[in-house]
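# Requesting a structural model of the entry that follows:
(one chain, ligands or ions: 1)
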Amino acid sequence: MAEQPLSTRAVLTGTGAYLPAQVLTNEDMAKRVDTSDEWIVERTGIKQRHFAAPHETAAFMGAEAGRQALEKAGLPPEALGAVIVATSTPDQSFPATAVRIQAMLGAKKAFGFDLSAACSGFVYGLSVADAMLRAGQVKSVLVIGTEVFSRILNFEDRTTCVLFGDGAGAVLLEAREVEKSGPGLLSTHLYADGSLGDILYVDGGTGQKDKPGHLVMHGREVFRHAVNLLAGAVNDALAENNLTAADIDLLVPHQANKRIIDGVGKKLGLPAERVVVTVHKHANTSAASVPLALAEAIQDGRAAPGKLLLLEALGGGLTWGSALLRL
Ligand code: UT7
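Numbering: from 1, shown residues only. Okay, the predicted model is just below:
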């Protein structure tokens, strides 16, 4: 057989995950707001969430997840090229959480920056890392999604405070010369529609004096857009690679709502066993949700070498996107 030409790809070589020790069940939330386990499970699939302790900041959790990814890949921190952190809940406006993490890891030669794209941040981060690796700018990039949404939730608003949790997930991507059928990111697709900015946002922050800001979401509106926009992103990924849904071994979706996850899976005609679901265990962890789901699927063996994974996410902005990854 003729040899296939080699090309540079961003290959996943390690993953990591961190969830705070403190778990709040739906019953715990029902003691704080007028809600019930039955409502939350039926409308969202969520059963519990993790909330960070004071020391568990976005940087702390991201560094824990990042360290695991480096260890699994066997890459010493000093050899790391860059750290990209997707977060909407950074420790500070600056320095960037990525730079805090760079110091915590001892990744002395890496540069780093944060990326703000809400729940799509990790997929956006993969896309940026992919471009940097294929351009030859660096040889390795840690892409981390890390969030402490418990610090921006309004605990008087039952329509949002039961939906989110804290955590961090990380992947290490390394530039490798591979054959067309080999591992790596095959494509990423990113989208945004800023005209929908007011259906999911934080009503404060550094731009507004004396208002730290809480998450506000018009859930029904976001839901209305989510399945169709995500299906579009997924179909664009398949079309560009001349693939069909039948070629996908595993869908690794953003974990916001089980009904949205099921909706996308159904549109693709994928059986439940080919869709990764973690939302019941840690609710919506925003930019951390896709890397947490990915790390779990790799850990339990569902996402094994050679498998084709389709990642997707949608969040505030609106922003959304997809990534096709062969392990
Ligand atoms: O990660 C970023 C992307 N975010 C998303 O993808 C989230 C998208 N949206 C959703 O997941 C869903 O819209 C929600 C889970 C937020 C809400 O589910 P829904 O089926 O759209 O409910 P709804 O907003 O239409 O509310 C139905 C009812 C309302 O009562 P009335 O007006 O029918 O009397 C709400 O007041 O449920 C009530 N409700 C609650 N009841 C008990 C809202 N929140 C709660 C609650 N507990 N926590």
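
# Tell me the confidence at the residue in the stretch 201-327 of the chain positioned nearest to the ligand?
Nearest residue of the stretch 201-327 of the chain to the ligand: G219, at 2.6 Å (CB to the nearest ligand atom). Quick note: C-beta positions are derived from backbone N, CA and C, even for glycine. The score at G219 is 96. That number is its pLDDT.

# Once you drop chain neighbours, what's closest to it?
Spatially, and ignoring its direct neighbours in sequence, G219 is nearest to T159 (6.1 Å; CB to CB, 6 or more residues apart in numbering).

# my read: that neighbour touches R220, true?
No: here T159 lies out of contact with R220, judged by CB atoms under 8 Å, at a distance of 9.5 Å.

# ok, those two, which is more surrounded?
Shown here are T159 and R220; by other CB atoms under 10 Å, T159 has more neighbours (14 against 9).

# Any chance you could note which residues of the chain sit beside the ligand?
By CB under 6 Å from any ligand atom, the residues of the chain that approach the ligand are 35, 39, 43-44, 119, 158-159, 162-163, 219-220, 222-223, 226, 256-257, 260, 284, 314-315.

# What's the PyMOL line that selects buried ones from those residues?
Here is the PyMOL command that selects the buried residues among those (16 or more other CB atoms under 10 Å):
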select buried, resi 35+43+44+119+158+162+163+219+222+223+226+256+257+260+284+314+315
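
# Show me the residues of the chain next to the ligand that map onto helices.
39, 43-44, 158-159, 219-220, 222-223, 226, 260 (DSSP state H).

# residue contacts, the residue nearest the centre of the chain?
With distances taken as CA atoms, centre = their mean, the residue of the chain nearest its centroid is V290 (3.4 Å). Shown in contact with V290 (CB atoms under 8 Å, 6 or more residues apart in numbering): 122-123, 145, 169, 252-255, 311-313.

# what kind of secondary structure is it in?
Here V290 is recorded as helix under DSSP: H, G, I helix; E, B strand; the rest coil.

# Distance of the residue nearest to G219 relative to S181?
For T159, the distance to S181 (CB to CB, to the nearest Å) stands at 47 Å.

# ok, A237 touching L324?
Yes: between A237 and L324 a contact is recorded at 4.9 Å, counting by CB under 8 Å.

# hey, what's in contact with both of the two?
Taking CB under 8 Å, 6+ apart as the criterion, A237 and L324 both touch 187, 310.

# re the thing from before, chain neighbours aside, what residue packs nearest to the residue nearest to the centre of the chain?
F122 (4.7 Å).

# Could you check the pLDDT of that neighbour?
F122 is given a pLDDT of 98.

# does it belong to a helix or a strand, and which?
helix 121-134 (DSSP states H and E).

# what's the answer for G16, then?
In this assignment (DSSP H and E), G16 forms part of strand 6-18.

# I'd like the next helix or strand past that strand.
Downstream of strand 6-18, the first helix or strand assigned by DSSP H and E is strand 23-25.

# May I see the buried residues of that following strand?
L24.

# Tell me the neighbouring strands of that strand, and mark each as parallel or antiparallel.
strand 48-50 (antiparallel) (DSSP bridges).
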